[in-house]
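>>> Make a model of this:
(4 chains)
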There are 2 protein chains.
Amino acid sequence: MNDSEKLQRARNRCIESLAQNMNLYGITESIGRLYGLLYFTDEPMSLDSMKDELGMSKTSMSTSVRQLQDLQMVEKVWVKGSRKDLYQCSHDWYQTFTDLFSIKWRVGISANMSAINKSISELQELLDEPKTSTQIKEEAKADLEKLKYALNYYDWLNRLVDSFESREIFNFIPKVKDTP
Amino acid sequence: MNDSEKLQRARNRCIESLAQNMNLYGITESIGRLYGLLYFTDEPMSLDSMKDELGMSKTSMSTSVRQLQDLQMVEKVWVKGSRKDLYQCSHDWYQTFTDLFSIKWRVGISANMSAINKSISELQELLDEPKTSTQIKEEAKADLEKLKYALNYYDWLNRLVDSFESREIFNFIPKVKDTP
DNA sequence: TAGAACGTACAGAAAAAACTGTACGTAATT
DNA sequence: AATTACGTACAGTTTTTTCTGTACGTTCTA
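Numbering: from 1, shown residues only, chains lettered A, B, ... in the order given. Okay, the predicted model is just below:
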């Protein structure tokens, strides 16, 4: 094995590992591999060069890179004289991490919260209505408690994501280890 | 629509929303629905009752509940006089949240770190070897920088997960909002 | 203005994941 | 000891997701 192969092998090991564990962030292995490729490639890449490197179809590259763009992990760059669209990845992983949370989680949190709020008021109606049977009221009360608890939890989660977005989390967990 | 149906509808809306957004945690919609059912059911449930409620096969219930157990979201409980295995869900969502991170992320982090460490030493060998061409050395140096950066990031991520496990995160982001 | 280069929509193929039913081992009941 | 109840391994089916190739609209080039 020559030096170039050694280099390649060291690089690929990391890309592969990265790609495999990116599903924790809800990212496909293939898309993770593309991100890894972009991470190690210093020049912005075109869809064709991605295709050649990964041995996949250009269509896949197009849709994959689009997804990475939506997650703010990759951006299109303009390079003088090139007709092709060129892409490069964000090298700030802390930013990428917090962006991912913001983008993906906010939606889920607010969807759940509005479902809960809707149900809370329905249950409250049931409780306020004198004709409702005792049995039903008991159940409604129990559900109401659980939903209020959930609402508090989502509020907490929102505040956690706030701290990511505002970078305050880095006051609490600093980026660099204290020197020993 | 009678009161019982109203109750059911309010409950199902929340279960459905919960289930749909649980894929953010890497959890299937069906499994999320099962968790939601368990959340609202106060008595521990058997596989058969889950099956009846969700209209799915008993096999699915068995494997789903196993997954929830692995994620510490559900536990088996012993009830006197029952031959069936009975399960109930954890009602502490903060705990569930932090457990999920610990369980899922730790594995990924350490996998990535060990891949990186292995590659770092290979690249270092390449750099230490006088016969290596300048071209290769340049590339190795660039990769090395990136890998060291990644290592720092994973260290940060580990410390974040530490703060979840140790509950210190709740000092920074308190569970209950400050009263206004 | 003709032609080439480029990116993507869309339909279909391939692969992966989720789900089911049967079969079987174990443990409780009679 | 025979029977019943229970949970799960496993193979096969269904559903979903991922991936590809063709076709087409747009933009640049000559």
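
>>> Check which helix or strand the most centrally placed residue in chain A maps to.
By CA atoms, centre = their mean, chain A has its centre lying nearest to A:Leu100, at 3.0 Å. Assessed by DSSP states H and E, A:Leu100 sits inside helix A:93-128.

>>> Quick check: residues of chain A near DNA strand D?
Neighbours of DNA strand D within chain A, by CB under 7 Å from any atom of the strand: A:Thr28, A:Glu29, A:Ser30, A:Ile31, A:Gly55, A:Met56, A:Ser57, A:Thr59, A:Ser60, A:Thr63, A:Ser64, A:Arg83. (Glycine included, C-beta is placed from N, CA and C.)

>>> Which ones among the residues you listed lie within helices?
A:Glu29, A:Ser30, A:Ile31, A:Thr59, A:Ser60, A:Thr63, A:Ser64 (DSSP state H).

>>> which among these are in contact with DNA strand C?
A:Thr59, A:Thr63.

>>> For whichever helix or strand comes after the helix holding A:Leu100, which helices and strands make contact with it?
Downstream of helix A:93-128, the next assigned helix or strand under DSSP H and E is helix A:134-165. In terms of contact count using 3 or more CB pairs under 8 Å, 6 or more residues apart in numbering or on different chains; DSSP states H and E, helix A:134-165 is assigned the packing partners helix A:93-128, helix B:3-21, helix B:29-40, helix B:93-128.

>>> and the residue of chain A most remote from its centre, backbone torsions?
In chain A, the greatest distance from the average C-alpha position (CA atoms, centre = their mean) is reached by A:Lys131, at 47.4 Å. A:Lys131 adopts backbone torsions of phi -70, psi -10, taken as degrees, to the nearest 10.

>>> And for A:Val74?
A:Val74 adopts backbone torsions of phi -140, psi 140, taken as degrees, to the nearest 10.

>>> can you check the one 3 residues further on too?
Phi and psi for A:Val77, reported as degrees, to the nearest 10, are phi -120, psi 150.

>>> What of A:Leu86?
The phi/psi pair for A:Leu86 (degrees, to the nearest 10) reads phi -120, psi 140.

>>> which residue sits closest to it in space, ignoring its chain neighbours?
Excluding its sequence neighbours, the residue lying closest to A:Leu86 (CB to CB, 6 or more residues apart in numbering or on different chains) is A:Pro44, at 3.8 Å.

>>> Cool, thanks, signing off.
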